[in-house]
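> Sequence first, predicted coordinates after that:
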Amino acid sequence: VNTALSLDRKNIDAHLVLADIYYALGDDDNILLTLNKACEYAPLDTRPIIKLSELSFLQGNFRMAGAYIDKALELDKYNPKAYYMRGMIAISSNDTAAALNNFMISRMQQADFVDPLIQIAHIYAAKDDTIAKMFFEEAVNAAPYNNYIAYDYAMYLQENGYPEEALSCYDSLLKQMPDNTDFIYNKGYVYLVYLGDDEKALDCFDKVLE
């Protein structure tokens with residue numbers, strides 16, 4: 001990346017990748033320096049501004065995170081990632097109504113953006129609203145190879161009265177990761193607690209111990 005920047009110091013994509021590398025290294029000072037340079041070179045590009053918001057959010061500076069998002073939306077009202085971040089900032093202040101509204105806007109602007117879909121699903125699940133299932137399904141369909149989302153959905157199913165569907169999700173996950181003990185254990189838990197099938201539950205727990 002530094003070689004790319006030595007050839008073109010105003011390469012915004014390279015600056016964004018460099019910021020991600022510094023994030024992986026836990027180097028907040030250089031993330032800030034890199035993103036500020038990107039903003040200087042491309043003041044109308046919202047991507048480094050949104051990354052600055054994400055950095056402020058992770059540091060717990062929610063007011064600054066919100067200020068960056070306001071700036072990004074002044075430049076581009078059609079910006080699903082900005083509305084998603086605004087929703088996350090709202091969640092940090094326990095304003096679920098504002099969070100839901102921003103996640104919905106993000107989803108409308110980019111139907112296959114899974115992050116707001118998952119957050120919407122969790123908000124509705126916390127309200128015991130069955131519409132949560134629809135949003136989990138949308139997220140799974142939008143990212144069919146994302147095991148974290150599929151596992152999230154399976155957990156929702158097992159805890160909300162859909163044990164057979166939860167087992168089906170775990171079976172699909174185990175086809176990709178056959179030795180994952182969390183998936184096998186959860187199958188056993190569903191058999192034991194929700195379906196009362198002690199024999200199948202013991203079989204799963206034995207596999208976990210193996």
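Thanks, I have it.
> Next secondary structure element downstream of the host helix or strand of F136?
F136 belongs to helix 131-142 when assigned by DSSP states H and E. Counting by DSSP H and E, the next helix or strand C-terminal to helix 131-142 is helix 147-159.
> Tell me the helices and strands packed up against that following helix.
Identification of packing neighbours for helix 147-159 by 3 or more Cβ pairs under 8 Å, 6 or more residues apart in numbering; DSSP states H and E yields helix 114-126, helix 131-142, helix 163-176, helix 181-189. All C-beta spots, glycine's among them, are computed from the backbone N, C-alpha and C.
> mind redoing it with 7 Å?
Contacts defined by 3 or more Cβ pairs under 7 Å, 6 or more residues apart in numbering; DSSP states H and E place helix 147-159 against helix 114-126, helix 131-142, helix 163-176.
> hmm, who's touching it?
For helix 147-159, contacts defined as Cβ atoms under 7 Å, 6 or more residues apart in numbering pick out 114, 118, 125, 132, 136, 139-140, 143, 165-166, 169-170, 172-173, 176-177, 186, 190, 194.
> follow-up on the earlier one: give me the packing partners of the helix holding F136, helices and strands only.
On a contact count with 3+ Cβ pairs under 7 Å, 6+ apart, helix 131-142 meets helix 114-126, helix 147-159.
> now the angle from that helix to helix 114-126?
Taking axes from the mean of the first three to the mean of the last three Cα atoms, to 10 degrees, helix 131-142 and helix 114-126 form an angle of 160 degrees between their directions.
> show me what contacts the spatially most central residue of the chain?
When Cα atoms, centre = their mean is applied to the chain, the residue found nearest the centroid is D115 (4.1 Å). Counting by Cβ under 7 Å, 6+ apart, D115 touches Y84.
> at 10 Å what do you get?
Applying Cβ atoms under 10 Å, 6 or more residues apart in numbering to D115 gives the contacts 80-81, 84-85, 87-88, 103, 106-107, 139, 142-143, 149.
> For the spatially closest residue to N102 that is not a sequence neighbour, which residues are in contact?
Distance criterion Cβ to Cβ, 6 or more residues apart in numbering; nearest residue to N102, sequence neighbours excluded, is G87 at 3.6 Å. Neighbouring residues of G87 by Cβ under 10 Å, 6+ apart: 69, 95-96, 98-107, 115-116, 119-120, 123.
> try 7 Å
G87 neighbours (Cβ under 7 Å, 6+ apart): 99, 102-103, 106, 116, 119.
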